[in-house]
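> Build me a structure from this.
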Amino acid sequence: MGELGKAILSLGLLLVVVGAVLLIALRFGLPLGRMPGDIAYRGKNVSVFFPLGTSLLISVVLSLLIHLISKFRR
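Numbers count the residues shown, from 1 in each chain. Now for the predicted structure:
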């Protein structure tokens with residue numbers, strides 16, 4: 001049970017950090033969700049949004065961050 005508690009606590013802290021980063025990004029005017037490459041379709045009865053550009057940017061940033069962290073841990 002102790003490991004489950006640690007995992008849930010870690011997930012909660014991760015969500016807090018992600019939320020804080022998103023709030024900071026909005027304050028600085030970063031257009032997350034409205035970047036070139038994001039696909040939005042609005043029809044009569046349906047609306048579809050796929051943030052492809054935003055997903056790629058977040059993927060690159062997280063990959064670089066993980067690479068830097070792994071370099072410093074060695």
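
> how's the chain carved up into domains?
Using automatic domain parsing, the domains assigned to the chain come out as 1-30, 31-74.

> Same list (those) but as JSON lines, adding mean pLDDT and mean neighbour count.
Quick note: C-beta positions are derived from backbone N, CA and C, even for glycine. Listed next are the domains of the chain as JSON lines, based on pLDDT from 0 to 100; neighbours: other Cβ atoms under 10 Å:
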{"stretch": "domain 1-30", "mean pLDDT": "87", "mean neighbour count": "10"}
{"stretch": "domain 31-74", "mean pLDDT": "88", "mean neighbour count": "11"}
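
> Run through who's touching the host helix or strand of L62.
Assigned by DSSP states H and E, L62 belongs to helix 52-73. Contact with helix 52-73 is made by 32-33, 35-39, as judged by Cβ atoms under 8 Å, 6 or more residues apart in numbering.

> Next, give phi and psi for R42.
Backbone torsions of R42, given as degrees, to the nearest 10, read phi -120, psi 110.

> Beta-bridge partners for it, please?
S47 (DSSP bridges).

> Now secondary structure too, for the contacts of helix 52-73, in a markdown table please.
Converted to a markdown table, the contacts of helix 52-73 look like this (DSSP: H, G, I helix; E, B strand; the rest coil):
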| residue | secondary structure |
| --- | --- |
| L32 | coil |
| G33 | coil |
| M35 | coil |
| P36 | coil |
| G37 | coil |
| D38 | coil |
| I39 | strand |
